[in-house]
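Enquirer: show me the folded form of this:
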Amino acid sequence: MTHIHLSSDERSRLHAAAQDAQARTAARLVLVTVPVSDRYALYPLVYGAILGLSVLGVLATFWPEISLRTGFYASGLTFAGLSLLLDWLPLRLMLVPKRAKHWECWELSHRSFAARVLAQTDRRTGIVLFVSLGERYIEVVTDRDVDLHVPQKAWDAVIADFTDAAKKGRAVDGLVAAVADCAKVLEKHYPPVEKKGE
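Expert: Numbering: from 1, shown residues only. Reported below is the predicted structural model:
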C-alpha cells in the first residue's frame, strides 16, 4: 500500500462499494479501514532513551574529561530529539516489530467484529473485512455460521487478490474488488432477502 490516509474520494468509493455489496447478501458485510491499529506511542520513547543512554556511554568512554553535566545534557538532548523524530508515523511504524503490529491489528479487527456484527440487535450472521493501512494488514473476520458454510480458502483468495493489487500500487482498487468478492462469496449462501411487495 502506498499511503496510510484515504482521500475523501477514495472513502466515497469504498463506502459505495460496501453499500452495493451489502445489497447483494442477507448477511452483514462490514468494511473497516483504519490508518493504523494502535498509536505505538511507547516505541519512540524507548528507542530515544536507549540511544540517549548510549550517547552518555560513548562520551564517558571516549571523552572522560567531559563533565557529568555536559554528558547528561547531551544524553537528554539526544533522547528528546530522537523521540520527537521517531514519533513521525512512518518511522514509528518501522520501529515496531511485525509480530507486535499484527497482534494490535488482530485485536482491533476482532473488537470491530464484536461491535459491528455480534453486538447488533438483529442477530444477522456476518463478516468484517478489516484493513489497517499503516501495518499493511488485512483480515476477514467471520462468525460461526459463516465458518460452517464458507471454507477459509475462499477468504484467503480474497486476501491474496487484494495483496497483489496493493503491491502494484492499486490498494483502493484492490479493496473495492475485495468487497465485491466478499459479497460474491456470501450471496451464494446468504442471498438477499426479497422485500414484500417486490
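
Enquirer: show me where pLDDT drops low in this structure?
Expert: Across the chain, residues meeting the criterion (pLDDT under 70) sit at 1-3, 194-198.

Enquirer: so for it, the centremost residue is which one?
Expert: S132 (1.6 Å; C-alpha atoms, centre = their mean).

Enquirer: quick one: that residue from L59, how far?
Expert: Applying C-beta to C-beta, to the nearest Å, the value for S132 to L59 is 40 Å. Glycine gets a C-beta too; all of them are placed from N, C-alpha and C.

Enquirer: name the residues of stretch 148-158 that are buried.
Expert: Burial within stretch 148-158, assessed by neighbour count using 16 or more other C-beta atoms under 10 Å, is assigned to 150, 154-155, 158.

Enquirer: tabulate these (JSON lines), appending distance to A26 and secondary structure.
Expert: Shown next, in JSON lines, are the buried residues of stretch 148-158 (distance: C-beta to C-beta, whole Å; DSSP: H, G, I helix; E, B strand; the rest coil):
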{"residue": "V150", "distance to A26": "14", "secondary structure": "coil"}
{"residue": "A154", "distance to A26": "17", "secondary structure": "helix"}
{"residue": "W155", "distance to A26": "18", "secondary structure": "helix"}
{"residue": "V158", "distance to A26": "19", "secondary structure": "helix"}
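
Enquirer: and of those residues, the nearest to L186?
Expert: Taking C-beta to C-beta as the measure, L186 lies nearest V150 of the buried residues of stretch 148-158, at 7.5 Å.

Enquirer: does that closest one really touch T142, like I thought?
Expert: Yes. Using C-beta atoms under 8 Å, V150 makes contact with T142 at a distance of 7.1 Å.

Enquirer: the residue most distant from the middle of the protein, which is it?
Expert: E65 (49.5 Å).

Enquirer: let me see the domain layout of the chain.
Expert: Per automatic domain parsing, the domain ranges recorded for the chain read 8-38+97-189, 42-95.

Enquirer: let's verify T33: helix, strand, or coil?
Expert: strand (DSSP: H, G, I helix; E, B strand; the rest coil).

Enquirer: and the nearest residue to it once chain neighbours are set aside, what does it touch?
Expert: Once flanking residues are discounted, T33 sits nearest to V131: 4.8 Å by C-beta to C-beta, 6 or more residues apart in numbering. V131 sits next to 31-34, 137-138, 162, 175 when contact means C-beta atoms under 8 Å, 6 or more residues apart in numbering.

Enquirer: now do 10 Å
Expert: By C-beta atoms under 10 Å, 6 or more residues apart in numbering, V131 lies in contact with 1, 14, 31-34, 105, 109, 137-139, 159, 162, 166, 171, 174-175, 178.

Enquirer: same thing with T70?
Expert: T70 neighbours (C-beta under 10 Å, 6+ apart): 59, 63.

Enquirer: can you confirm it is in a helix?
Expert: Yes. The assignment for T70 (three-state DSSP) places it in a helix.
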